[in-house]
Every structure is written in C-alpha cells, then in structure tokens.
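Participant: Attaching a predicted model along with its sequence, questions to come.
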Amino acid sequence: MTFKELGIIDPILKALEAKGYKHPSPIQEQSIPILLKGKDLLGCAQTGTGKTAAFAIPILQHLYNDNHNTKGQRRIKALIITPTRELAIQIGDNFTEYGKHTGIVNTVIFGGVKQGPQTQALRRGVDILVATPGRLLDLMDQGYISLKDVQYSVLDEADHMLDMGFIHDIRRILAKLPTKRQSLFFSATMPTSIVKLSQKMLGNPEKVTIAPKQTTAERVEQALYYVSKKNKPKLLVHLLTRNTLQSTLIFSRTKYGADKITKFLKKVDIHSEAIHGNKSQNQRQKALLNFKEGKTKVLVATDIAARGIDVSDLALVVNFDLPNIAETYVHRIGRTGRAAASGIAISFCDIEERAYLKDIQKLIGQQIRVIADHPFINSGDNEPEEKAKKPQRSQRPRRNNERTDSRKKANPETRQKSDRRRKPFSRNRD
Ligand code: AMP
C-alpha cells in the first residue's frame, strides 16, 4: 500500500516523500480512507504508531480541497487538543512538514510562556490550531479565539487528558464547537470514562484499534538490573561509558532526582540536560532541541516532561527509577523503538521497587530479562521477588496519594488497589 493509493493529493505526497515515508503505517492505512470520507473516528492507539500523520494528512487534504482558492482572513477550521506542550509542539511541527506545499497555516498555543507571540500568530490568521486545553480556554475567554468556524476537531491522548484533570476544560471547549463537524478522538486506553466522553463528542464513529500495549514491549529489547539505590549512579556511569555514548533518555521519578542525575554525570564528564516541571518552557524546549539535534547525548526527564518526546534516533532508554504506575513503563520504553524501529530499554530495580516491577511485568505479560552479572551487584540483589527482603513500611517509598489513616492501614489489600487506581498525574505535579 502506498500513500498515493490512499488517494493523497500531490502537494502532500511530495512532503511525505521528503520525510522518507514510503508506506502508510497500519493506523494510517486504516484511518485515512475513513477520514477522507468525512466520517467521525474513534482511534485506540498510542503515540509512536504514526497517529499524528493519520489525522494530520486527511485534515490537510480536506482544507486544501475546501479552501484552495478562497481569499480573506484565515479562520480556525481545524482544532487539535492535546494534553502537553511538548506534544502540541510536535503535532504543530508535523502539520507544518506535511503541509509545506499546501499553503495551509497552523499555529500552536500552550501555557507556561507569554501569550504575546501566540496571540499575534492568531491575529495574522491560521487554518489549524493545535492547543493544550488551559491556554486555549484562556485565549477563548479573552476573545482571541473563536471556534465557530471549526469543521474538524481532534481530541488527542484523551486518557492522559482525563488523568491530568482536564475533563471540565474539555467539556467547556466541546460546548463551543459547531455541532456540524468531523470529530476525531484518540486514546491509548478505553476505560468507561473515556468511552462516555467519546460518545459525547462523536456521532456514529468508525473505530480503529492499533497496537495494544504489549506491542511496544515486544518490539523494544528490555533488560533489568537489580541494583541497590546507592549503586544506581555507578551502574549508570558504567553502562554509559563502556561503549560510545549514544542518544540516551534517562527517566527519573522526581524532579529532584533528575537534577541529581545530571550532577553526578557532570562529575564524570558526561554532559546531560534535564527537563522537568521546574524548568521554564524555554529551558525545556532548548534541552529538547539540543537532544534532538544530537548536541546533547543524554537527556534526563521526569514522565510528564518526556511525554510525546519524538527523537528518531533514540538508542537507549534508562529507567533509573522504576515508575510506580505500570502503564508509565510502557510509555517510557515506547520513546525508543518508535514506529518500526527497535530500541533498547534498561531498567534499574532496587529492593524497594520490586512491587512496581511485579505490576509492570504483569501488565506487559512478560518477564524482563535480568542481567545478573554487573560490577555493582550486592549479595541478595538477584534474589527472586518472594525471597527479597520486603521493605519495611517506613522504608517503602510513599506513593503520592497513599493515605496513612487507620482504616487504610488495617486493610493492606484496599491500600494496594487504591494505589493502582491512582490517577497517574495531577495537573500540578510537573
Ligand atoms: P506518532 O505516533 O505520530 O508520534 O509518530 C511516530 C513516529 O513515526 C514519528 O517519528 C513519525 O515521523 C514517524 N512516522 C509516522 N508515519 C510514518 C510512516 N508512514 N513511515 C515512516 N515513519 C512514520
């Protein structure tokens, strides 16, 4: 199957050729014909499957065909709502690349930066707006944005949007959209809350499901090192220095931890940069660009800051800390091995993280290969989970919403379950 066979117009084909896209990915092959027919779409797919092009190409094609020769001020005809700034920027970049021969203009708006340049771009007129919910509502309230001409709307990463507490914002935004429009809705998972939201937004949608979570886990080569918390920095340095340094993304559970990693790497002359919620948007963008361009080989990130990072040659992901939410592991390792490429993901697991490891292996349905011989092993590190010393309550890392009241204490089973149900992110966390 080729993009030409999908009926893509020449100006877009030319741009896809320049990007080196030879064949549509499965989600593109399935979604593009549906979307070119003007139907609503419910897509169950995660980042890394090529879903951005799956919705961007048909939207560009519709706008090109609809408005080819119209004159006058541009109005927002397509709206893409996405949970994070990084993802918004990436989607905007993709629209610019795929649409570079179409004359269609997009802009991206997100919070955390001055609104001036964004409102100026809006005043000049745009056809496509990519936005995070908060800034979008803010600029709508200030009268800079009208959604009354929107004909195509996309809600991207809906499950993360809800996890981040954007549900009310989304409802307010949806209420301002014209009822007659083509709606697209993407989510990596489909819990009841998401299905309900999708029903509000979509008419009678076609459904496309791609790449269940396991696929990422199967595609990426994974390895596990049992190591004490104290020895993690040494092991990291050992692994980074034994071969030529390749493009590496290191995950830390906390912002403080991320800074600490960059500091000890500096001591051994490994240059790295950190991105997390305490860095300004400009710092984050600069660090990301340096990493994408290969100027910085090592990027240290917390989960939210890293969401949506798309670096084509990412060789290695290191989970310096295991995430306490199993799904996050899949998102993290999916940063490498994107689209068809394969990558390597290494995880460190100290004794306090064994419970997280258990959850992760259950979710991905496989045992991660353990590298048993490394120089920083302590006796007992490699013991199987059951034998490993259970962390004392006081030693175990407190999960964010963990309650310590007597009712919870009395019933550890309830505590475990509620931990798992915890929403992975709150809006202010990062
Ligand atoms: P996404 O899921 O949209 O974040 O895309 C994941 C990665 O796949 C990005 O680096 C895209 O540039 C790349 N990609 C998307 N579609 C194709 C394609 N048809 N052929 C090759 N690479 C693609």
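Facilitator: Sure thing, it's come through. All of these numbers come straight from a predicted model, not from anything done at the bench.

Participant: in the stretch 301-430 of the chain, which spans are helices?
Facilitator: Per DSSP state H, counting those that start in this stretch, the stretch 301-430 of the chain carries helices over the ranges 303-306, 326-333, 354-364, 406-410, 412-421.

Participant: Where does pLDDT dip in the stretch 301-430 of the chain?
Facilitator: Within the stretch 301-430 of the chain, the segments meeting pLDDT under 70 span 305-310, 312, 337-342, 379-430.

Participant: and residue 355, how far is that from residue 303?
Facilitator: Distance, residue 355 to residue 303, using C-beta to C-beta, to the nearest Å: 18 Å. The way it works is simple: take the backbone N, C-alpha and C, and place the C-beta from them, glycine included.

Participant: again but with residue 232, I slipped
Facilitator: Distance, residue 232 to residue 303, using C-beta to C-beta: 18 Å.

Participant: For the stretch 1-150 of the chain, just list every one of the strands.
Facilitator: Listed in chain order, the strands found in the stretch 1-150 of the chain under DSSP state E, counting those that start in this stretch are 41-44, 78-81, 106-109, 128-131.

Participant: mean pLDDT lowest for which of these?
Facilitator: Sorting the strands of the stretch 1-150 of the chain by mean pLDDT places strand 41-44 lowest, at a mean of 92.

Participant: Phi, psi for residue 23 please.
Facilitator: When read as degrees, to the nearest 10, the backbone of residue 23 gives phi -130, psi 150.

Participant: Identify the residue spatially nearest to it, adjacent ones excluded.
Facilitator: The spatial neighbour of residue 23 that comes closest, neighbours along the chain excluded (C-beta to C-beta, 6 or more residues apart in numbering), is residue 1 at 6.0 Å.

Participant: close enough to count as contact, that neighbour and residue 21?
Facilitator: No. In terms of C-beta atoms under 8 Å, residue 1 does not count as a neighbour of residue 21; the distance is 11.9 Å.

Participant: So for those two, which sits in the more crowded spot?
Facilitator: Set side by side, residue 1 and residue 21 show unequal neighbour counts under other C-beta atoms under 10 Å, the larger going to residue 21 at 19 against 10.

Participant: the longest helix in the protein is where?
Facilitator: Taking residue count as the measure and DSSP state H as the definition, the longest helix of the chain comes out as helix 51-67.

Participant: Show me what that helix packs onto, helices and strands only.
Facilitator: Helix 51-67 sits against helix 10-19, helix 26-36, strand 41-44, strand 78-81, helix 85-98, strand 152-155, strand 182-187, with contacts defined as 3 or more C-beta pairs under 8 Å, 6 or more residues apart in numbering; DSSP states H and E.

Participant: Need those in CSV (columns: distance to the ligand).
Facilitator: CSV is the format used below for the helices and strands packed on helix 51-67 (distance: least, C-beta to the nearest ligand atom, whole Å):
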stretch, distance to the ligand
helix 10-19, 7
helix 26-36, 6
strand 41-44, 11
strand 78-81, 12
helix 85-98, 7
strand 152-155, 12
strand 182-187, 10
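
Participant: Roughly how far does the residue nearest to residue 23 sit from residue 237?
Facilitator: With distances defined as C-beta to C-beta, the gap from residue 1 to residue 237 amounts to 46 Å.

Participant: What of residue 135?
Facilitator: The span separating residue 135 from residue 237 equals 40 Å under the rule C-beta to C-beta.

Participant: Need the winner for burial among the strands of the stretch 1-150 of the chain.
Facilitator: Mean neighbour counts were compared across these using mean count of other C-beta atoms under 10 Å; the top stretch is strand 128-131, at a mean of 26.

Participant: quick check, it touching the ligand?
Facilitator: No. Under the criterion of C-beta under 6 Å from any ligand atom, the ligand is not reached by strand 128-131; the shortest gap measures 12.8 Å.

Participant: start at 22 instead
Facilitator: In the new numbering, first residue 22, that becomes strand 149-152.

Participant: what's the offset of that strand from the middle of its chain?
Facilitator: Relative to the centre of its chain, strand 149-152 is centred 17 Å away, using C-alpha atoms, centre = their mean, to the nearest Å.

Participant: Thanks a lot, catch you later.
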